[in-house]
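In: missing the sequence, but the structure's below:
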Ligand SMILES: Nc1ncnc2c1ncn2[C@@H]1O[C@H](COP(=O)(O)OP(=O)(O)O)[C@@H](O)[C@H]1O
Ligand SMILES: Nc1ncnc2c1ncn2[C@@H]1O[C@H](COP(=O)(O)OP(=O)(O)O)[C@@H](O)[C@H]1O
Ligand SMILES: Nc1ncnc2c1ncn2[C@@H]1O[C@H](COP(=O)(O)OP(=O)(O)O)[C@@H](O)[C@H]1O
């Protein structure tokens, strides 16, 4: 392990990466906000935005200490880092030897923010705001912190720092399976939206969906390439895998929707990019070389991981629609299933050459490197996360249902959660409908400069106010 | 002072930070643009956007020289750096010893852009565009450049590089009090919008408000952590304080609105995040450790600063509403009052340990470190900025009122500033109203791929064009 | 040439720059998407978004190898880097000695994404999606890869690494002239939109246009300052030139529209910023000092380049409108003409001092440095790109027209490409029109907390659902 | 002929449409209106605590032109499907129509419906 | 009964609404329309200098159904509140209504108003 | 007087407007409506493959109040300009108007048109 001294380039990279991951949460707010109906867009955006507040506070108070603090039996950390005690400017060589400990903690914070925000897609358009806030605090404490500890903390029972050796480079298990499976539990307990399956629940603003997907793609470079914790070859490789899988996912879902439903869907392209990004997350630092480092197929694993994710998550969305449970924004289908595929794919495609570049465990590959046993570690990670996340999320929500109630009243749901829970409405746009068809267009005037256009000739629209 | 050589990590960090701060101005354009009525959204966005042009030019021509150039009596710089003369690739060790002088100048430029943009919230929905342009140039020259000089320039009378020693890490005084107080003067001189207090002036696009707040939060990492001017412990600490105060501010304003007006407001959450960010700005590099560096309450100052800012600025907004002056987007309440609280809080919570990390003045703390005298320096900074900014802004606007007129005509105000001043309207959306209720939804079809959906069966909507 | 070892600061900077340039494509999606009519916004956004997928895949498979791989006669690379073979973690000293080869390749990838995305503005609102996809793959292979090779690859016939010595710092020729001229060919072959010149084709969402321009401006720092390939003086200088030209362009187009058509246009300000950015792209690393490095006019070249671009591209837009060809979003006028001006301006304003800072060719200046012959190299670059791009684009599109057809049917064009080609519509906003005028506003209540507002007193809007 | 103008709750539109179609009345128009009646509105809250009180609520206006003899039937169909029994259910008006034309064919009178 | 249809300036809507309410006429509907008359429109400007000239302007259409004897009073109330004396003030039309129904209760005729 | 209410295809609005203006009928109102008739709607597709089938389509409703003797002429002008011969061309209705007022001047009856 290198002598812990701060490297300014690595620190710059990690701080930028933390900022990029933070931006993913507003990105998610728009991705999700565009998918709901206009009467619920504020409530949906608010879920993500207020989590930036709540989860940040939980993290700096007790969350980081529970997740990464001194180990208790491989399962969880203790509270000795409560309130940022002992988290200072010096590097913590257990986690990142060339950056301040605070920078590592900040980078991790951003993951702890977006994970509960991902879950909110399951109960969009019907959740009670107060219950949602309590749920977020409980879930971070009881689900996120332990699972992060298992996988990433020193001596966590599942990960590579003294555990089973399950690979999760940037959060396929901790972030995506974890949130996707919690979303499944939430969708079952919240029940369907009023009118589900009968009334149309069409996305109200698809440009917002694409804006969100664009910001997510951008921020994901911090998520995955930042997870190299240093600015060098490992980060560059992770960046390359990330972008390639996103590209393959976007193209694959688009083509799949074209083949199956007859048109290449824009929401599908955005969703496919996210699916590809989800699936590459655990793998980004471990895959890259199919056969040899000079092979013509070096880039194939990332393409396969992304393309399969695009098709698989599209199929899972359709399956969810047919099973009839109302995971409103398909968190399970995209993050749960995409994350599961990514975890398994990491066990298949990891190669020793890339893995050692990432500095993890000195270079152990997966199935294609002749180590099928890595798949076992991956399955263990998947199974443990599915089981734990589903069970604890279910129990927490069940309890909250009894104590506070999960959903808004039917009346509030009809009116819309924005007005009902927040007293605000998203848009006050003036009527501009027919006007667009009521124009006469003229080409640009020729030589002489046009006279300054007036509001009107002779008379004005607003004469009433200037008597 | 270290030997001036360029460090690539520090340079990367400062350039990225400059880019992040630049992005805050489009972020502000959307934060403000969403808050106004739809007939004035373009004009509001244009205020911020064109300032990116105008202020950049002023800065590279004379602004930077006046603010940071060789000192004239502690009050202002001279013109020897006009047009980027002597501002080159070598570091200027007075300001930042490990990055090119141009990088430091660029980083400062972004602050000089956003500060006048902040003011525009005061006179939104009624300002004459030509007068606004002239005002911006004058204000940067007569108000921004001197105040920046006092606080941050070598030998400025107020700051830590040879002055009184008032702490302003990243612009609580120079940016926030300065713009907030200028906004107060502007609100008084522009007068109320037509119909103010009688007609509803509801935000027309709250998702835009949240988009803006998200971009501001993201960019603020550059603003505050970039102000460490190097990628290391001080930047990490400033980043942590910044995020924590933003979180606390968002949560606090949300809870305050819930308690006082009965619903947790989404606009409130966004505003609260900004309030927390404003207040932590002067403090970010100076606070961090409440008692000892290993204390369980290390993170408390940032939480207190942010939470108090959230509640205080919410209160100030209500106070402004009751006092009845029309600071349309509450620049005074959020930036003026939030900045003032931040300046004072810096005097309370600064600790020697963190301050020396930032390399400022070799480690002098504030009240909780047993140095109440630091509060005096802070009060001096607050008072000087309030007095100078209010007076000069008032005089400049008064003169412009006489020479050019401040406001559009009543007629133009009724029609909307977008059409009246810019000849454009923001949105041309087709009527889609009832259509949403006119749908029949079908679940995803089962096994066999659906037939390619056609525009219509048998007949098409647009038959008229293909005879 | 320095010994190739990885510098973490340079790597951090280049990876961040790559991420910034990636973000420009969603930015472009919104810049373009806001300019079209609402019935075509999704299709327009989709063009850019799906190119992020398609172009990424083309690039990692064969594009990068063709463009930068071992030279074939100065015209194109071979396929020895197919699928990322030999593109690994070690630096490639021919291109960038201090960063992993993959990081350089990734940075270049982002240019290869945005260039075909720029072209899509020419055929917006009428292109067949399937044909567009095939066109993108062919164009990247047959036009982009060769031109990039000529200019930037080792031994390319046109550039500074063993060629004619034409200066193109960050893509004025390769990206902007190339896409702008291809757009001209496309506009001629696609023909006019139905109703062009008779029906209004007003931008449907100008805030989106400004959002796009803001993201482009932000991302362009990566584009230009990243092209220094290291975090130091050259990057800082390029950053400064970039920002200054953007500012000058925004101000110039705004003033030009004010003078000529009577109002300062918001779309004009956004377009002007882009025009300035386009023009400074080839010059950013070569210009900076007008006379001497301590001159008062150091910043003048960037101002001149940006301001002339703003006026020139505004004029070109009007010229295009009068010539009557339907380059729908004026790609030729802004990128073709702006890029051409930038290439020439680079030959005029390049100075040896700045050029050697950039490490290119050890310091050779242009006209103002007494080397008019540099202008010849610039003209050669312009002429070659115009000729090649126009011819090959024209032939490719002509062939596609015969094989697949370029345009949607008239019927689909009337209905809108979103519904017709993608089966989706952008917005489902509830009717909120008159409601805005139907309000009674009350100032903030005084001391006592207001009672929790209810949906209604006595009776509720949605009573029907809770019998 | 009569024009039946029904102002109803937006959330009842689907039920009404279906009831009419089931009884053979397919042709109709819908337009968004904002109505004021006995019913009270929604309150929105501003940042500084201002309240925006809507005294008008979104409604939907349905227009069906029918033969005189069908008018009463259509009124009853609409009323049944739209009724909740709470304030705000809306109104139905009958307006005489002098003539009609189907644009496509030029047919006039009741044949045009 | 008569339906009073008034096409007025949008910025006058509040005044008219208040005047009607003060005189006891609470029930009404409003809908956004776009109207053409003597009044000229606004000019928008495109990037390439194209001008988009609106020959129609946003108006608001108010509909109030009243008893025959109240019709003239309502017309006068609206006209007074909506008048500016400039071109573009709008028009008021009176349209006979054959019958009315309150959906909630099934009341008919004038009792339904 | 008669109110001519024409429900037409949105893309035909400009032609109709121009035809009316050419014949001297400048004053009119337009409102967006959503109509159901014989014509079938557009299908949108959800992420999970749900289809949203619109059974109503956007139409435009034109209202022109004219003197009784001009009514037929206006009906013919509109029908000619709006006709495509395909299903979905729309309908025109004639509704009696009892009186009119020009708000600006207070003129009544046909003088107000
Ligand atoms: N006199 C009227 N003329 C036209 N529309 C009316 C009239 N009175 C009521 N309405 C419409 O009917 C709607 C419902 O009326 P309201 O009085 O609230 O309920 P109810 O019909 O149950 O008494 C109103 O929102 C308005 O749109
Ligand atoms: N014949 C008509 N039928 C229906 N609506 C009309 C008619 N003439 C005018 N209008 C409506 O009245 C509005 C005002 O008319 P205009 O002629 O501009 O003003 P004024 O009433 O002052 O003469 C128009 O915008 C249009 O909405
Ligand atoms: N009975 C009716 N009452 C009111 N509007 C109707 C009626 N029937 C049809 N419409 C309107 O006319 C439009 C066109 O009708 P449709 O039957 O599709 O075409 P066509 O007129 O060619 O038979 C519909 O979309 C609807 O807006």
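Out: Sure, I can see it. All values derive from a computational prediction rather than experimental measurement. Ligands and ions are numbered 1, 2, ... in the order given.

In: hang on, isn't residue A:137 packed against residue A:57?
Out: No. Here residue A:137 does not reach residue A:57: they are 9.0 Å apart, not a contact under C-beta atoms under 8 Å. C-beta here means a position set from N, CA and C on the backbone, and glycine is covered the same way.

In: Quick check: residue A:190 vs residue E:69, distance?
Out: 56 Å (C-beta to C-beta, to the nearest Å).

In: next one: residue A:66
Out: 77 Å.

In: Residue A:284 too?
Out: 79 Å.

In: which SSE is residue A:217 in?
Out: In the assignment (DSSP states H and E), residue A:217 maps to helix A:206-225.

In: can you give me the angle that helix makes with helix B:206-225?
Out: Orientation of helix A:206-225 against helix B:206-225 (axes from the mean of the first three to the mean of the last three C-alpha atoms, to 10 degrees) gives an angle of 30 degrees.

In: do helix A:206-225 and chain F meet at all?
Out: No. Shown here: helix A:206-225 not in contact with chain F (C-beta under 8 Å from any C-beta of the partner chain), separated by at least 9.4 Å.

In: tell me what that helix is packed against?
Out: On a contact count with 3 or more C-beta pairs under 8 Å, 6 or more residues apart in numbering or on different chains; DSSP states H and E, helix A:206-225 meets helix A:8-35, helix A:233-261, helix A:266-280, helix C:8-35, helix C:41-58.

In: I'd like the next helix or strand past the third one.
Out: Going back to what we said before, that points to helix A:266-280. Heading C-terminal from helix A:266-280 (DSSP H and E), you reach helix A:300-323.

In: Remind me what that following helix packs against, helices and strands.
Out: Looks like helix A:300-323 contacts helix A:233-261, helix A:266-280, helix A:337-349 (3+ C-beta pairs under 8 Å, 6+ apart).

In: I'd like the next helix or strand past it.
Out: helix A:331.

In: Give me the contact list for that following helix.
Out: A:118, A:119, A:121, A:122, A:179, A:180, A:183, A:184 (C-beta atoms under 8 Å, 6 or more residues apart in numbering or on different chains).

In: what does stretch A:289-305 give?
Out: Here stretch A:289-305 has contacts from A:240-241, A:244-245, A:248, A:276, A:279-280, A:283, A:287-288, A:341-342, A:345, A:349, A:351, A:353-354, A:368, C:57, C:60-61, C:82-88, using C-beta under 8 Å, 6+ apart.

In: Point out where the chain drops to low pLDDT.
Out: You didn't pick a chain, so chain A it is. The model of chain A has pLDDT under 70 over residues A:1-4, A:290-294, A:358-362, A:430-467.

In: That was the other one, I meant chain D.
Out: Using pLDDT under 70, the flagged stretches of chain D are D:39-44, D:49, D:52-54.

In: How much space separates the residue in it positioned nearest to ligand 2 from residue B:28?
Out: Proximity of chain D to ligand 2 (C-beta to the nearest ligand atom) peaks at residue D:31, 15.7 Å away. Shown here: residue D:31 relative to residue B:28, a distance of 39 Å by C-beta to C-beta.

In: picking up where we left off before, and residue A:137 and residue A:57? Which one has more around it.
Out: Using other C-beta atoms under 10 Å in any protein chain shown as the criterion, residue A:137 and residue A:57 rank with residue A:57 on top: 22 against 15.

In: Where do the helices of the stretch 51-200 of chain A begin and end?
Out: A:64-68, A:101-119, A:129-139, A:145-152, A:178-190 (DSSP state H, counting those that start in this stretch).

In: Let's have the ones you listed in a markdown table, adding distance to chain C.
Out: A markdown table is the format used below for the helices of the stretch 51-200 of chain A (distance: least, C-beta to the nearest C-beta, whole Å):
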| stretch | distance to chain C |
| --- | --- |
| helix A:64-68 | 24 |
| helix A:101-119 | 13 |
| helix A:129-139 | 13 |
| helix A:145-152 | 22 |
| helix A:178-190 | 18 |
